[in-house]
Every structure is written in C-alpha cells, then in structure tokens.
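**Student:** what would the 3D arrangement of this be:
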Amino acid sequence: LYLAESGGGTVQTGDSLRLSCVASGGRISSFDMGWFRQAPGKEREFVAGINWVGERTHYGAFVEGRFTISRDNVKNTVDLQMDSLKPEDTAVYYCSRGPYISRDGYRNPSAFEAWGQGTQVTVSS
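**Tutor:** Sure, this is the predicted structure:
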C-alpha cells in the first residue's frame, strides 16, 4: 500500500487548508484511516481518525472543532479539512492506515501503520 499526501503549503493564521491522501496498491475501504502530524523536535501526534465506513470520527484534543476528516471509499482517498489554522499547527502531516474493520481502532493512535511521506503545513503569524 502506498499513501500519498498533498495539499500542504504556507498560510497565515486563520486560513484554511485541505489535505488529501490518495491510496494506491490496495484498497483502504475496509480499514480505519487517520492523520498524524510531527513538528520539529516533537513526537508524532494523532490528529484525526475515521472508521472504515466513514460514519465515526475522533480528533486530538488540540483540534477543538477546527478540523474535519472525511473519506471517499470509491476514490480510495482520505481528506483533512483544516480551518482556523494557528502557528502551532505547523508540522508535517501524515496519512496512515489503521486497523481492518475494527470497532474503535480509529480512536487508537497506536493501531495505525503504513505511513505516507507527509506534506508540510506552515502557518505564519
């Protein structure tokens, strides 16, 4: 499975970005999916997860209603809409595959694997 993220860039505080993750080499429709991020000098942290059907989502506490994860199982994609961006959102954002048809795996950061290469998001103040 190959995950390719896109949509990153440099924006100002309060702006929006929409990240996209396209999967190839396999179907993701039966897997929970998620987004993580890693800022310089910090550990990778969980941003958002979505269950395999696309009806349940879970977010990191810092999101505070600003981000929305979604998926299209026909197109084999997972998106992350990010609004009201802050400088502290600056990081490399990664798409990741979670468990197979799980009950709550999309809520468990340690259950994710198969990372993409990441896309840089920079938010200036």
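
**Student:** show me what counts as buried in stretch 72-85.
**Tutor:** Using 16 or more other CB atoms under 10 Å as the test for burial, stretch 72-85 gives 73, 76, 77, 78, 79, 80, 81, 82, 85. C-betas here are computed from N, CA, C, even on glycine.

**Student:** first to last residue in it, what's the distance?
**Tutor:** Across stretch 72-85, the terminal residues are separated by 24 Å (CA to CA, to the nearest Å).

**Student:** so how far is that stretch off the chain centroid?
**Tutor:** Distance of stretch 72-85 from the chain centroid (CA atoms, centre = their mean, to the nearest Å) equals 8 Å.

**Student:** repeat for stretch 30-41
**Tutor:** 5 Å.

**Student:** same check on stretch 10-22?
**Tutor:** So, by CA atoms, centre = their mean, the centroid of stretch 10-22 is 12 Å from its chain's centroid.

**Student:** and it, what's buried?
**Tutor:** 11, 17, 19, 20, 21, 22.

**Student:** so the third one is in which element?
**Tutor:** Assignment of secondary structure by DSSP states H and E places residue 19 within strand 17-24.

**Student:** where does the chain have its least confident helix or strand?
**Tutor:** strand 113-115 (a mean of 87; mean pLDDT, DSSP states H and E).
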